[in-house]
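1. this one's structure only:
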């Protein structure tokens, strides 16, 4: 019985928390979804967003590997980071666009180590920015995959 309770506890701890709700506009006669105008009259609560652990990394050999510019999808991340916010995840498919509260949009273009789950790593331009970012728990909205 003791071991069963421990296993149940581990399973419950591994499920991402869902504490943050997001809202979508319902189409009205005047404003459609494309208008993105939200009022109290056309808001509907939908499923809560999953909370992920958000960390940061840089494209340096000591944080990646010897081919530090080449991501998991075989793209040149050194060039892509000039025009696109890039992130890494083990849980989301490559090329998935996500929205992270406080960060904005980013595209999953790289992978994290297999030991990390429910975690997203944001590519930063320098080590100081990555260290300053630290570790945060934030809601993540999958926009497109």
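-> Nice, thanks for sending it over. These numbers come from a predicted model, not from an experiment.

2. just the strands in the chain please.
-> Along the chain, counting by DSSP state E, strands occupy 20-25, 43-49, 51-57, 86-89, 97-100, 104-110, 119-123, 136-144.

3. what is the mean pLDDT for the second one?
-> For strand 43-49, the per-residue pLDDT values average out at 68.

4. then the fourth one?
-> Per-residue confidence for strand 86-89 averages out to 94 on the pLDDT scale.

5. check the fifth one too.
-> When pLDDT is averaged over strand 97-100, the result is 94.

6. what's it packed up against?
-> Contacts defined by 3 or more CB pairs under 8 Å, 6 or more residues apart in numbering; DSSP states H and E place strand 97-100 against strand 104-110, strand 119-123, strand 136-144. Glycine gets a C-beta too; all of them are placed from N, C-alpha and C.

7. out of these, which is the most enclosed?
-> strand 119-123 (a mean of 21; mean count of other CB atoms under 10 Å).

8. helices or strands up against that one?
-> So strand 119-123, by 3+ CB pairs under 8 Å, 6+ apart, packs with strand 51-57, strand 86-89, strand 97-100, strand 104-110.

9. kindly recompute the last result at 10 Å.
-> Contact partners of strand 119-123 among helices and strands, from 3 or more CB pairs under 10 Å, 6 or more residues apart in numbering; DSSP states H and E: strand 51-57, strand 86-89, strand 97-100, strand 104-110, helix 127-133, strand 136-144.

10. nearest to residue 72, of those?
-> Among those, the nearest to residue 72 by CB to CB is strand 104-110 (5.1 Å).

11. now tell me what touches that closest one from outside.
-> Outside strand 104-110, the residues within contact range by CB atoms under 10 Å, 6 or more residues apart in numbering are 54, 57, 59, 64, 70-73, 75-77, 80-81, 84-100, 120-123, 140-145.

12. great, nothing more from me.
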